[in-house]
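Q: this one's structure only:
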């Protein structure tokens, strides 16, 4: 039976779609793209071959490749390491002949935490080079339900890593775990971030940004109202803190509309981290593993933003299509 021209064109377009879809979700092709990007970004600052953690013979699977594999997994929404290494050892066995074990991957990725933060910071500094306005906000990071609070063991061995019970005003609920504090630019690139326990007030993070930001405007919601700290930020770092007034305040402060739009942008960034990068899921058993997973997701988002900006020439926020 012969196919007419319409049926042939439909089949051809379907094959093209399948090829594009497969290439978009191909771990090997995405890994090669990320490695190429990391080599361009790092240059001579961080060696892209060998072992960055300790002296000795060069490993067959370099530390930068460990970081690249972590970024690929996060970008493709592969949140299960068990599933990732099952795919690598079956479907991609020929593409990754020097792949390390899952245990080695976990240990080396946690050891590369500082290197990953340097890479993320370098990319963010370039993307936010001409930015002098930022938005600040926090997001609840629930590690378990309140009913399982006493059975949770993660982070309890150290005082500064111990999770706690907190309240999220935007969701009007209590939760047990941590808070992710972040400062991002108007295009959605996270400039700096930190993790604290859930009971820590948002204002406490303002004390940290005066050492990381200079000569800029920072806007936040009403949770960041602090007159004394606002004065300190201006005097020490020339940071102008713009926060809307509460309804019961005698002195009203009117925040201009562009700053309100920037505050909405950081909420979009948090939504992308929850959606594509599934940042609210917790599989870690130790705090070091937990914060490494969080940093991997933020680093993955930042690399995709870099690709959109300098390779695809597309809007920075379209991270779902960055590897297509």
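A: All right, it came through fine. No experiment lies behind these values; they were computed from the predicted model shown. Numbers count the residues shown, from 1 in each chain.
Q: Residue 313: neighbour count?
A: 7 (other C-beta atoms under 10 Å). Yep, even glycine has a C-beta here, placed from its N, CA and C like the rest.
Q: Using the three-state scheme, assign it.
A: Recorded secondary structure, residue 313: coil (DSSP: H, G, I helix; E, B strand; the rest coil).
Q: tell me what the longest helix seen in the chain is packed against?
A: Longest helix in the chain by number of residues (criterion: DSSP state H): helix 287-310. Applying 3 or more C-beta pairs under 8 Å, 6 or more residues apart in numbering; DSSP states H and E, we find helix 287-310 packed against helix 27-42, helix 63-75, helix 102-111, helix 113-127, strand 190-197, helix 257-275.
Q: Buried residues of that helix, list them for me.
A: 287, 289-309 (16 or more other C-beta atoms under 10 Å).
Q: And stretch 149-162, by the same measure?
A: For stretch 149-162, by 16+ other C-beta under 10 Å, it's 154, 155, 161.
Q: Could you do stretch 46-64 as well?
A: For stretch 46-64, by 16+ other C-beta under 10 Å, it's 46, 48, 52, 59, 61, 62, 63, 64.
Q: farthest pair in those?
A: 46 and 61 (16.4 Å; C-beta to C-beta).
Q: Show me which of the helices and strands packed on helix 287-310 has the highest average neighbour count.
A: Each of those was scored by mean neighbour count; the highest is helix 63-75, a mean of 24, by mean count of other C-beta atoms under 10 Å.
Q: Which other helices and strands does the helix or strand just after that one contact?
A: Sequence-wise, the next helix or strand downstream of helix 63-75 (DSSP states H and E) is helix 81-90. For helix 81-90, the helices and strands in contact under the criterion 3+ C-beta pairs under 8 Å, 6+ apart are helix 102-111.
Q: who's in contact with the helix it packs on?
A: 53, 63, 66-67, 69-70, 81-82, 85, 100, 288-289, 292, 296 (C-beta atoms under 8 Å, 6 or more residues apart in numbering).
Q: pLDDT for those residues - can I get that in JSON lines?
A: Shown next, in JSON lines, are the contacts of helix 102-111 (pLDDT from 0 to 100):
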{"residue": "53", "pLDDT": "72"}
{"residue": "63", "pLDDT": "89"}
{"residue": "66", "pLDDT": "94"}
{"residue": "67", "pLDDT": "94"}
{"residue": "69", "pLDDT": "96"}
{"residue": "70", "pLDDT": "96"}
{"residue": "81", "pLDDT": "91"}
{"residue": "82", "pLDDT": "92"}
{"residue": "85", "pLDDT": "95"}
{"residue": "100", "pLDDT": "92"}
{"residue": "288", "pLDDT": "94"}
{"residue": "289", "pLDDT": "93"}
{"residue": "292", "pLDDT": "96"}
{"residue": "296", "pLDDT": "96"}
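Q: which one of the residues you listed sits closest to residue 129?
A: Using C-beta to C-beta, the contacts of helix 102-111 come closest to residue 129 at residue 67, 22.8 Å.
Q: Noted, bye for now.
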